[in-house]
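pasting a predicted model and its sequence here:
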Amino acid sequence: MKRVVVGGLAAAGVVGAGIWLKRQVVQQALFAPEPDSQVPLVIPGRVAVERLYGGGDARTKVPLVLVLHGVGADETQLAPYMLSSRPMRLVLLRGGLATGNGFQWFRSRFKSNAAAFITDVSRAAAEVATVLDQIATQRLYTERIVIGYSQGAHIAWWLATTGRVDRVVAMSGALPPSFKPPRPTRQVRIEAVHGMRDPVIPYNAGQATARTFRAAGYPVRLTTQRLAGHGLSSMGTALAPALERVLTSNAAGLATSTLRGR
């Protein structure tokens, strides 16, 4: 079995020395050696990074936050943006398929054949759900939260329909119009974030996905980044507020769902 690998980060693409320094501090804290009290997390065949915020060890019961990166990246991509002072167990997972400059979760793209795309997303989502189950056998948690960006967000949207997660953050992702989410078997809050100038996953696609899920009975909040595109240089700062919302919100109090940014 393959143990979870803890790796370093490179501050690539960071604009401004002040921002770069801030992210370096965050990265160094995030990827510091595991404390002796932490039993290593084992996910067979996967590479991931685990970080426990708020103190404790493997027996500490806190929200489990699983993070899914975009195409051509790795498990470190979203780490600089996962900023919160609240207790949580953060697990940053690497996609299983290698690309020329990183990793991905599946091969098809949003603008390709819809049927093939949906098949690939569902398969990848099933694999991620298995990882969540593997973590659950080794760690206590209060709720399961999945955060995805771009290709990872496609998976996050899908996972919301499975009844296997409690909260979802989907940034710059969508599902095709042909996908019709089933009625939820439990209340799963979805925080969607999308840039209005996104050339990769058009904003109207993310908006349509949010509306479809809301019509099916899911509590959805869509936050529009009006001047943002697809990249993290414009979208990354919206991730921490979305994380904060799902960590602080009371799912039981979401009887009335909202859809914003229309």
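Happy to help now that I have it.

tell me the spacing between residue 245 and residue 221.
Noted for residue 245: a distance of 8 Å to residue 221, by CB to CB, to the nearest Å. The C-beta positions use only the backbone N, C-alpha and C, and glycine is treated the same way.

overlap of the contact sets of the two?
residue 191 (CB atoms under 8 Å, 6 or more residues apart in numbering).

so for these two, which residue has more residues nearby?
For residue 245 against residue 221, the residue with the higher neighbour count under other CB atoms under 10 Å is residue 221, and the figures read 21 against 15.

which residue ranges of the stretch 151-262 of the chain form helices?
In the stretch 151-262 of the chain, the segments counted as helices under DSSP state H, counting those that start in this stretch are 151-159, 203-216, 232-235, 239-248.

can you give the distance from the last one to the centre of its chain?
This means helix 239-248. Centroid separation for helix 239-248 versus its chain: 11 Å, with CA atoms, centre = their mean, to the nearest Å.

buried ones in it?
Neighbour counts over helix 239-248 (16 or more other CB atoms under 10 Å) mark 239, 242, 243, 246, 247 as buried.

what sits against the spatially closest residue to residue 205 that is not a sequence neighbour?
Excluding its sequence neighbours, the residue lying closest to residue 205 (CB to CB, 6 or more residues apart in numbering) is residue 174, at 4.1 Å. The contact partners of residue 174, by CB under 8 Å, 6+ apart, come to 110, 153, 154, 157, 194, 201, 202, 205, 206, 208, 209.

what about the first one, which helix or strand?
What that stands for is residue 110. Using DSSP states H and E, no element contains residue 110; it sits outside every helix and strand.

so what's the residue count around it?
Using other CB under 10 Å, residue 110 is surrounded by 18 other residues.

please consider this matter closed, and thank you.
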